[in-house]
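Colleague: Sharing a sequence plus its predicted fold:
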Amino acid sequence: MKILVTRKLPKEMIKPLYEIPDSTVVMFDQEEIPMPKKDLLKEIRNADGILANLTDDLNREVLKEAKQLKVISTMAVGYDNIDMEEAEKRGIKVGHTPYVLTEATADLTFALLLSVSRNLPQAASIVKNNQWKSWSPFSYTGHQVHGATIGIIGMGRIGLSVARRAKGFSMKVLYHNRSRHIESENEVGAIYCEDIDTLLAQSDYVVLLVPGSKQTTHMFGEEQFKKMKNKAYFINTSRGTNVDEQALFHALKEGEIKGAGLDVFESEPIQGDHPLLELDNVLALPHIGSASIETRTEMAELTVTNLKNGLTGKPLVYEVQYN
Ligand SMILES: NC(=O)c1ccc[n+]([C@@H]2O[C@H](COP(=O)([O-])OP(=O)(O)OC[C@H]3O[C@@H](n4cnc5c(N)ncnc54)[C@H](O)[C@@H]3O)[C@@H](O)[C@H]2O)c1
Ligand SMILES: O=C(O)[C@H](O)CO
């Protein structure tokens, strides 16, 4: 049985895979860059299982090559990099890592919100660059978080955890979701906006937390940014493909919205000449929502368990359901 691991992980962490009888583990030898596409195509051909991550494009063409593949285990909750229709057609089970990353990602989402609202990157750079002249009445003043209104789009696991943090800051919580989320209404008093426009018009902070999918691609564009308050901030820790970046650039440049905190981009990694990076009112991070040591360790362990279970005839801990 051949197992492909597309990113270098500590040997100790993937030990359970070596313990599968008659298994051969082929692991890419680098941690910081994805396995080149040509190597992935070559290695996946005769693989039975693959430990993948969100940078592996497991599209139809790639999966068609994978004649022996039985299990894909991705080290992420999102699985928009995997062609689920093709996986279903081929009977490939897909495992992912919900829950274990919820709190870390909610923390990072709230960190972005606080940072953009109070201009932390700009203020920190003044100190570091020896440009701090004096305390002053209005320099670097941002907008209040306490008591403001947050609008969460995608009230799922992470959305609810962000809502709990918002409640701790005495924020009014609005949400839009595919369907009502009674737990968040009962627990934090979140108010359902069936019409997304109501949420956009009333929120001081709009937080996007829906999965990446065909339905959510560019769900945020010119129209949505125009409906937001001019003093509102946009936070995206979901998927970059959910946002039309040109429209976002325009909205930020023209002052239609006040600022943005972004952890994800349409095409990652973005380069230094990306238009959004020209703007002072953008805080951009390199997709680090779940990046705490504790969470990434749990994600890796869960990914290994999902794969081992799938390859040894046991139920995956978290299996993505085909539509
Ligand atoms: N930045 C990061 O590092 C990072 C980390 C973890 C997760 N994520 C992203 O966050 C997403 C959410 O994770 P989760 O665990 O909260 O998922 P989840 O499935 O629990 O929540 C997603 C919510 O979005 C809703 N939804 C889906 N499509 C919608 C639509 N078109 N309109 C309105 N609501 C819609 C669903 O009903 C659900 O309640 C992941 O899919 C992933 O893309 C990013
Ligand atoms: O979907 C996910 O899990 C994130 O993007 C990475 O943790």
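Modeller: Right, received. Where do you want to start? Residues are numbered from 1 along each chain as shown. Ligands and ions are numbered 1, 2, ... in the order given.

Colleague: where do the helices sit along the stretch 201-323 of the chain?
Modeller: For the stretch 201-323 of the chain, applying DSSP state H, counting those that start in this stretch gives helices covering 222-227, 245-253, 293-311.

Colleague: Check which residues of the longest one are buried.
Modeller: Residues of helix 293-311 classed as buried under the neighbour-count rule (16 or more other Cβ atoms under 10 Å) are 295-296, 298-311. Bear in mind the C-beta positions are built from the backbone N, C-alpha and C, glycine included.

Colleague: CA atoms of that helix as CSV?
Modeller: The C-alpha trace of helix 293-311 is given here as CSV (Å, rounded to 0.1, in the frame of the first residue of the first chain):
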residue,chain,number,x,y,z
ILE,A,293,1.4,25.1,17.6
GLU,A,294,-1.3,23.3,19.6
THR,A,295,-3.9,23.5,16.8
ARG,A,296,-1.5,22.6,14.0
THR,A,297,-0.3,19.6,16.0
GLU,A,298,-3.9,18.5,16.6
MET,A,299,-4.7,19.0,12.9
ALA,A,300,-1.7,16.9,11.8
GLU,A,301,-2.6,14.1,14.2
LEU,A,302,-6.2,14.1,13.1
THR,A,303,-5.2,14.0,9.5
VAL,A,304,-3.0,11.0,10.1
THR,A,305,-5.8,9.2,12.0
ASN,A,306,-8.3,9.9,9.3
LEU,A,307,-6.0,8.5,6.7
LYS,A,308,-5.0,5.4,8.7
ASN,A,309,-8.6,4.7,9.6
GLY,A,310,-9.7,5.0,5.9
LEU,A,311,-6.9,2.7,4.7
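
Colleague: returning to that earlier point: show me which of the buried residues of helix 293-311 is closest to L113.
Modeller: T295 (19.0 Å; Cβ to Cβ).

Colleague: Please name the nearest non-neighbouring residue to the residue of the stretch 51-200 of the chain found nearest ligand 1.
Modeller: Per Cβ to the nearest ligand atom, G156 is where the stretch 51-200 of the chain lies closest to ligand 1, at 1.7 Å. Computed as Cβ to Cβ, 6 or more residues apart in numbering, the closest residue to G156 that is not its neighbour in sequence is L209, at 6.6 Å.
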